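Engineer: predicted coordinates and the sequence they were generated for:
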Amino acid sequence: QVQLQESDPGLVKPSQTLSLTCTVSGASITSISDAWNWIRQPPGKGLEWMGVMEYDGRTTYNPSVKSRITISRDTSKNQFSLQLTSVTPEDTAMYYCTRQSYRIPCDWGQGAQVAVSS
């Protein structure tokens, strides 16, 4: 059984950098069949895909956040991470890490609630 667990950054102040880590169990983040995403959902709004990391470390980002986002990984810990710089209250959302297998979405973390406020 594949499980994903987001870290809990809690409250982040405007202009700071948001950092989230997703710990994966039951699958390897270097598996050639899989890709690893960050998705968020602001209060009262729909899901927004933020970016993906492929099995080989290549990344693709949503243009809406491309200037502020970095997805990285630690293969020794089977973790991948999100950094979002210069956050504003508009970045307040539930953040999810997800897994795709053969391009099919299949596993989600339970989500991490992030609030951006001074």
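Structural biologist: Yep, it's here.

Engineer: and the next element down the chain from the least confident helix or strand in the chain by mean pLDDT?
Structural biologist: Every helix and strand in the chain was compared by mean pLDDT, DSSP states H and E; the lowest is strand 11-12, with a mean of 90. Note on strand 11-12: by DSSP states H and E, the next helix or strand toward the C-terminus is strand 18-25.

Engineer: and that next one, average pLDDT?
Structural biologist: In this model, strand 18-25 has a mean pLDDT of 98.

Engineer: just checking, what packs against that strand?
Structural biologist: strand 3-6, strand 34-41, strand 79-84, strand 93-101, strand 112-116 (3 or more Cβ pairs under 8 Å, 6 or more residues apart in numbering; DSSP states H and E). The way it works is simple: take the backbone N, C-alpha and C, and place the C-beta from them, glycine included.

Engineer: and with 7 Å instead?
Structural biologist: strand 3-6, strand 79-84 (3 or more Cβ pairs under 7 Å, 6 or more residues apart in numbering; DSSP states H and E).

Engineer: most tightly packed of the ones you listed?
Structural biologist: The highest average neighbour count among the helices and strands packed on strand 18-25, using mean count of other Cβ atoms under 10 Å, belongs to strand 79-84 at a mean of 21.

Engineer: out of the helices and strands packed on strand 18-25, which is closest to Tyr55?
Structural biologist: strand 79-84 (10.9 Å; Cβ to Cβ).

Engineer: can you list the strands that that closest one pairs with?
Structural biologist: strand 18-25 (antiparallel), strand 69-74 (antiparallel) (DSSP bridges).

Engineer: just give me the residue right at the centre of this protein.
Structural biologist: Trp38 (2.9 Å; Cα atoms, centre = their mean).

Engineer: which residues are in contact with that one?
Structural biologist: 50-51, 71, 82, 95, 97 (Cβ atoms under 7 Å, 6 or more residues apart in numbering).

Engineer: recalculate using a threshold of 6 Å.
Structural biologist: 50-51, 82, 97 (Cβ atoms under 6 Å, 6 or more residues apart in numbering).

Engineer: just Thr75 next, same as before
Structural biologist: Here Thr75 is in contact with Thr30 (criterion: Cβ under 6 Å, 6+ apart).

Engineer: no more questions from me, cheers.
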